[in-house]
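>>> Prediction below, plus the sequence it came from.
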Amino acid sequence: MAFKHENVADLYDIGVVLGSGHFGQVRQVTERSTGAQWAGKFIKTRKSAGSRLGVERSAVEREVELLQALTHPSIMALKDVFECRAEMVLIVELISGGELFDFIAAKDNVTESEAIAFLKQILEGVGFMHSKHIAHFDLKPENIMLSDKDAANPTIKLIDFGLAHQFKQGEEYKSMCGTPQYIPPEVINYSPLSTATDMWSIGVITYILLSGLSPFQDNTDEETLRNIIAMKFEFPEHVFSMTSESAKDFIKKLLVKDPIERMTAEECLIHQWIKPMTRKQMANRNRSSINMK
Ligand SMILES: Nc1cc2c(nn1)-c1ccccc1CC2
């Protein structure tokens, strides 16, 4: 997609701020010609290579290139891209339900069936991304948004592909980016990364969804990283006593040190905790529980 050099304010009315991050701001925008509502991600690019402010232009180009390759209901859609002096604007689909992070915070934690409904969508989006050899590399509740938090079954959208990477055949890729409490041991050890890196993050996200606690987080980033390397996590009774064994089994099969041993997104979608039970299985399960009474 070519970066248009028109002034985005000539084509869109710029509205309220929806979110902000290291890159700049995201604002609600209205397309003048159609009245359609979008979100505009206003990114300040670096004036000079050495400057600490702003984002590398190449990083924005990579995010645009990857978003263009990813058309999926669980991934934020890209519509248009503008560039004007030291600012780039990504016009993306409007996601107004806020972050999954805030949704969990507001409810302390969610029920297993709510968590499964969210995770199925996340896993379908991540599975699609991984099928194109693209890893997100910054999966965390802040980068998972809800399209409409008041909907009965909120739709999730994966956002912020600023750290994402598309693997070439047989390529080795290393990076020290990410957010401490969600990164796997291989990132800390500076070992080659893969799509399995995202699966560890999904294990951490699942743990947080079900408990409101973060499995490895400690008082400082150093201690958090030490806990990850030591694989030091448990399921405290006072929070996990009501959590099903299959939910804990799901998490344990993702928080695995060796990336190759970790479940893939496809394997997660058929794991007993996530896989929808057939009506017959449900009937059998209900029958057996009635017989037990
Ligand atoms: N890093 C971020 C952060 C955000 C967004 N994108 N990238 C976003 C995208 C569409 C609608 C609303 C937002 C706000 C948060």
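Yes, it's here. Numbers count the residues shown, from 1 in each chain.
>>> Residues in a beta bridge with Leu90, which ones?
Lys41, Val81 (DSSP bridges).
>>> tally of neighbours for it?
24 (other CB atoms under 10 Å). Just so you know, the C-beta spots here come from the backbone N, C-alpha and C atoms, and that holds for glycine as well.
>>> show me the contacts for the closest residue to the ligand within the stretch 51-200 of the chain.
Nearest residue of the stretch 51-200 of the chain to the ligand, counting by CB to the nearest ligand atom: Asp160, 3.5 Å away. Listed by CB atoms under 8 Å, 6 or more residues apart in numbering, the contact partners of Asp160 are 21, 138, 143.
>>> Need phi/psi at the second one.
This means Asp138. phi -150, psi 40 (degrees, to the nearest 10).
>>> nearest spatial neighbour of it, skipping sequence neighbours?
Sequence neighbours aside, Leu163 is the residue nearest to Asp138 in space, at 4.3 Å (criterion: CB to CB, 6 or more residues apart in numbering).
>>> ranges for the strands of the protein?
For the chain, the strands defined by DSSP state E cover 12-21, 24-31, 37-44, 78-84, 87-93, 134-135, 144-146, 156-158, 165-166.
>>> The first one packs against which elements?
Right, strand 12-21. The contact analysis (3 or more CB pairs under 8 Å, 6 or more residues apart in numbering; DSSP states H and E) places strand 12-21 against strand 24-31, strand 37-44.
>>> Let's see that with 6 Å instead.
strand 24-31 (3 or more CB pairs under 6 Å, 6 or more residues apart in numbering; DSSP states H and E).
>>> circling back: give me every residue that touches the residue nearest to Asp138.
Going by CB atoms under 6 Å, 6 or more residues apart in numbering, Leu163 touches 137-138, 177.
>>> who's in contact with stretch 32-49?
11, 18, 23-27, 29-30, 54-55, 57, 60, 86-92, 94.
>>> how distant is it from the center of its chain?
Relative to the centre of its chain, stretch 32-49 is centred 21 Å away, using CA atoms, centre = their mean, to the nearest Å.
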